[in-house]
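In: Just a sequence and a predicted model for now, questions to come.
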Amino acid sequence: MTKVLFICLGNICRSPMAEAIMKKLVKDAEREHEFEIDSAGLIAYHQGEGADPRMRSHAFTRGYRLTHVSRPIRSIDFDIFDIILCMDDSNWDKLHRLAPTIEAENKIRRITDFCTVHAVDHVPDPYYGGEQGFENVIDILEDACQGLLNELHE
Ligand code: 4NP
């Protein structure tokens with residue numbers, strides 16, 4: 001069983017989207033028994049809220065339903081999860097500051113490292129931008145999650 005945790009700042013846009021994409025890919029590949037998949041945020045500001053309505057709407061038109069409820073990362077997550085995937089450099093820095101051990105730090109990866117189609121080094125925060133930002137998040141995360149799933153095969 002591989003335990004995968006997606007992280008972004010608020011846990012209402014990018015990481016719940018990544019969680020839904022990864023769950024769908026795993027289901028379609030009939031590999032649900034191999035994975036536990038969750039997401040969390042680096043701030044608690046949106047704790048208890050569902051995903052951002054704009055993200056939910058774009059997700060829906062692309063075939064995903066976002067059901068995750070926002071929660072902040074806990075220190076125990078660094079023990080529970082095998083791989084902790086972040087969206088950008090700011091997430092990366094914050095996660096490294098929170099990680100309690102070197103072993104925990106070694107679990108942190110950038111999700112875009114798994115992209116095979118998009119040449120990007122981060123998933124841009126869509127929160128303060130326009131509608132295209134949400135489509136861009138889905139485009140990058142579909143690529144990245146497929147790459148991640150392929151890599152976790154090996
Ligand atoms: P996310 O987007 O990190 O992709 O969930 C954001 C959500 C909320 C805020 C920033 C980014 N915020 O500042 O409240």
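Out: Received, thanks.
In: what residues does the helix or strand hosting residue 137 touch?
Out: With elements taken from DSSP states H and E, the one containing residue 137 is helix 131-151. Residues outside helix 131-151 that contact it (Cβ atoms under 8 Å, 6 or more residues apart in numbering) are 4, 13-14, 17-18, 21-22, 25-26, 29, 31, 54-55, 58-59, 62, 64, 85, 111-112, 114-118, 120, 123-126. (Glycine included, C-beta is placed from N, CA and C.)
In: Filter those residues down to the buried ones.
Out: 4, 13-14, 17-18, 21-22, 25-26, 54-55, 58-59, 64, 85, 111-112, 114-115, 118, 120, 123, 125-126 (16 or more other Cβ atoms under 10 Å).
In: which of these are close to the ligand?
Out: 13-14, 125 (Cβ under 6 Å from any ligand atom).
In: Contact partners for the residue in the chain positioned nearest to the ligand?
Out: Nearest residue of the chain to the ligand, counting by Cβ to the nearest ligand atom: residue 10, 2.6 Å away. Applying Cβ under 8 Å, 6+ apart to residue 10 gives the contacts 41, 43, 45-46, 52, 70, 127.
In: Among these, name the ones in helices.
Out: Residues of the contacts of residue 10 located in helices (DSSP state H): none.
In: Among these, the buried ones, what's the PyMOL command?
Out: In PyMOL syntax, the buried subset of the contacts of residue 10 is picked out as below (16+ other Cβ under 10 Å):
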select buried, resi 41+46+52+70+127
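In: Report the entries of the contacts of residue 10 that also contact the ligand.
Out: Among those, the residues that sit close to the ligand (Cβ under 6 Å from any ligand atom) are 45, 127.
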